[in-house]
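[1] sequence and predicted structure, then a few things I'm wondering about:
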Amino acid sequence: MTINSSRAAGVVLPVAIGFGIGVLLTITTSYGYSIYKQHHHDDDNGTGHGKRQKITLADNTVASSSDGRDIRIGVEGLIGRTPIMKIKSLSQATGCEILAKVEMMNPGGSAKDRIALAIVEQAEAEGLLRPNSNDIVFEGTSGSTGISLAMICRAKGYRAHIFLPDDTSTEKIELLEKLGAVVEKVPPASIVDKNQYTNAARARAEQIMSHHEDNDDDDDDKNKQAIFADQFENEANWQAHFDHTGPEIYAQLGDSLHAFVTGAGTGGTISGVSRFLKPLLPNLKVVLADPPGSGLFNKVKYGVMFDLREREGTRRRHQVDTLIEGIGINRLTNNFDVGRSLIDDAVRVTDKQSLAMARYLVERDGLFVGSSTAVNCVAAATVAKQLGPGHTILTVACDSGARHLSKFWKAVGPIGGELSHESLDQILNQRD
């Protein structure tokens with residue numbers, strides 16, 4: 001063989017191999033998509049909620065160039081496609097494979113990045129927000145959704161105006177302020193109170209849009225457009241999880257999943273993921289993890305939130321005191337209701353269990369989680385014990401413990417150099 005022919009072979013062979021791999025990937029992708037289409041028709045899985053338009057986010061996820069580079073475009077491009085990890089300590093203790101979708105690896109640090117982006121880009125598509133216009137996004141939140149909205153607003157040229165309970169952790173409030181959001185703290189209250197944080201955010205947005213807001217800032221604020229993000233009722237919430245989170249999980253785990261366990265605040269995650277996965281995995285068990293003071297446990301288990309004295313929409317006292325932020329609610333939201341029929345069971349998790357689980361995970365796995373993730377892990381371990389060894393259970397690692405230092409982790413207490421002697425069974429058997 002001549003030098004020239006040898007060089008030619010050295011060029012042709014890699015090209016042929018690369019072409020073959022490309023064809024294989026194309027076939028595989030097409031086959032996977034055909035399976036998806038086979039199970040997800042325009043009737044939205046036959047769940048009884050009618051046809052809907054899929055949320056198509058802007059083309060800001062990946063830019064692939066001819067030299068093989070893979071580049072995400074802006075913070076928007078970093079949202080989603082989060083990894084799934086095996087929680088070693090819980091898996092070993094239960095004999096099950098306990099996994100977590102690590103949503104804390106989104107750029108804003110939580111799963112709420114997904115819905116913040118979906119809500120904003122849907123508003124843009126409808127002409128309600130204009131990029132780089134300083135239009136205003138109002139929201140009522142216990143923290144994480146506000147942080148995600150503040151990040152997206154900064155990236156797209158909007159202003160975020162956030163109302164939250166005044167007992168929200170200091171770290172979340174400071175993060176919001178550092179992202180440039182206007183923060184208004186209000187006392188915790190029932191949804192029937194007009195000053196409750198969600199109602200306050202809605203009212204302020206309506207004032208702006210009706211040009212009756214008395215602003216102390218810019219004189220031209222009356223020309224700004226504003227939206228109320230309305231994370232609890234806005235269907236862009238559950239649809240974002242149906243269109244993105246659910247497909248990611250199925251692509252990562254396929255048919256191996258036996259149970260999906262997560263808490264609910266707005267209800268978007270559990271509804272969207274369940275509505276995607278249930279038609280593909282008919283035997284999948286969907287379980288709600290619910291903290292103290294929330295009525296969703298009773299709604300799933302018994303069909304009612306409370307007795308007649310505390311029936312939905314009439315409860316006038318403050319929510320039962322709990323250290324848990326981000327999940328648990330005493331009303332039935334639209335985002336929860338659209339998937340409620342697909343939830344098979346619910347697990348009540350106490351504050352003591354959550355605190356002990358947070359300590360357990362950081363001591364044995366180096367996993368430093370927030371309060372809602374601790375609730376999810378208690379419930380996931382409970383489900384693993386119920387199902388028995390050999391099953392695969394997925395939960396959600398919502399956010400990091402870094403946002404909960406002054407409240408939840410203060411109650412956990414100091415973490416010493418030695419492991420605590422508390423077993424998983426002891427944690428699961430604790431009661432407040």
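    Everything's here; your move. Note that the structure is predicted; figures quoted are calculated from it, not measured.
[2] could you use CA atoms for every contact and neighbour count after this?
    OK.
[3] tell me how many other residues crowd the nearest residue to T170 once chain neighbours are set aside.
    In space, T170 comes closest to S406 once its chain neighbours are excluded; the distance is 6.4 Å by C-alpha to C-alpha, 6 or more residues apart in numbering. By the measure other C-alpha atoms under 10 Å, the count of residues near S406 is 15.
[4] does S406 sit in a helix, a strand or a coil?
    S406 falls in the coil class when you classify it by DSSP: H, G, I helix; E, B strand; the rest coil.
[5] in the stretch 51-200 of the chain, which spans are helices?
    In chain order, the stretch 51-200 of the chain shows helices spanning 88-94, 112-125, 144-156, 170-178, 197-209, with DSSP state H, counting those that start in this stretch as the criterion.
[6] which residues does K101 contact?
    By C-alpha atoms under 8 Å, 6 or more residues apart in numbering, the contact list for K101 reads T82, P83, I84, M85, I249, L394, T395, V396, A397.
[7] between those, which sits nearest P165?
    Distance to P165, by C-alpha to C-alpha, is smallest for A397 among the contacts of K101, at 23.0 Å.
[8] and N195, how many neighbours?
    Here the number of neighbours of N195 (other C-alpha under 10 Å) works out to 16.
[9] for the spatially most central residue of the chain, which non-adjacent residue is closest in space?
    Nearest to the mean C-alpha position of the chain, counting by C-alpha atoms, centre = their mean, stands A111 at 3.1 Å. If you skip the residues right next to it in sequence, A111 has E103 as its closest partner in space, 4.9 Å away by C-alpha to C-alpha, 6+ apart.
[10] any idea how far that neighbour lies from G80?
    Here the criterion is C-alpha to C-alpha, to the nearest Å. By it, E103 lies 8 Å from G80.
[11] ok, now L405?
    From L405 across to G80, the span is 26 Å (C-alpha to C-alpha).
[12] wait, isn't L90 in contact with V383?
    No: contact criterion C-alpha atoms under 8 Å: L90 and V383 do not qualify, at 11.5 Å.
[13] what ranges in the stretch 251-400 of the chain fall below the confidence cut-off?
    Applying pLDDT under 70 to the predicted model, the residue ranges of the stretch 251-400 of the chain that meet it are 306-321.
[14] would you list every one of the helices in it?
    Going by DSSP H, counting those that start in this stretch, the stretch 251-400 of the chain shows helices at 268-280, 296-302, 334-337, 351-365, 371-387.
[15] okay, now G413: neighbour count?
    Residues lying near G413 (other C-alpha under 10 Å) number 11.
[16] dump the residue contacts of it.
    No residues are in contact with G413 under the rule C-alpha under 8 Å, 6+ apart.
[17] how near is it to V349?
    Looking at G413 against V349, where the rule is C-alpha to C-alpha, the gap reads 19 Å.
[18] got it, and D365?
    As it turns out, when the distance is counted by C-alpha to C-alpha, D365 lies 21 Å from V349.
[19] look at the two and report which has more neighbours.
    Between D365 and V349, counted using other C-alpha under 10 Å, the more crowded position is V349 (24 against 13).
[20] that one and L288 touch, don't they?
    No: counting by C-alpha under 8 Å, L288 is not a contact partner of V349; they are 10.2 Å apart.
[21] pipe the helices of the stretch 251-400 of the chain into JSON lines and attach distance to D135 per row.
    Conversion of the helices of the stretch 251-400 of the chain to JSON lines gives the following (distance: least, C-alpha to C-alpha, whole Å):
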{"stretch": "helix 268-280", "distance to D135": "25"}
{"stretch": "helix 296-302", "distance to D135": "35"}
{"stretch": "helix 334-337", "distance to D135": "26"}
{"stretch": "helix 351-365", "distance to D135": "39"}
{"stretch": "helix 371-387", "distance to D135": "32"}
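[22] how about the ones you listed, which one is nearest E233?
    helix 334-337 (5.0 Å).
[23] and V338, what are its phi and psi?
    phi -70, psi -20 (degrees, to the nearest 10).
[24] tell me how many other residues crowd the nearest residue to it once chain neighbours are set aside.
    Taking C-alpha to C-alpha, 6+ apart as the measure, V338 lies nearest to S271, with 6.4 Å between them; neighbours along the chain are not counted. The local packing count at S271 equals 28, with neighbours defined by other C-alpha under 10 Å.
[25] measure S271 to F408 for me?
    27 Å.
[26] E248 belongs to a strand?
    No: assessed by three-state DSSP, E248 does not belong to a strand; its assignment is helix.
[27] tell me who's in contact with it.
    Residues touching E248, when contacts are defined by C-alpha under 8 Å, 6+ apart, comprise R81.
[28] hang on, S110 packs against T82?
    No: between S110 and T82 there is no contact under C-alpha under 8 Å: 10.5 Å.
[29] mutual contacts of these two, please.
    Listed as contacting both S110 and T82 by C-alpha under 8 Å, 6+ apart are E103.
[30] compare the two (neighbour count), which wins?
    When neighbours are counted by other C-alpha under 10 Å, S110 comes out ahead of the other of S110 and T82, with 21 against 17.
[31] list the contacts for the more buried one?
    Contact partners of S110, counting by C-alpha under 8 Å, 6+ apart, are E103, M104, S144, S148, C398, D399, S400.
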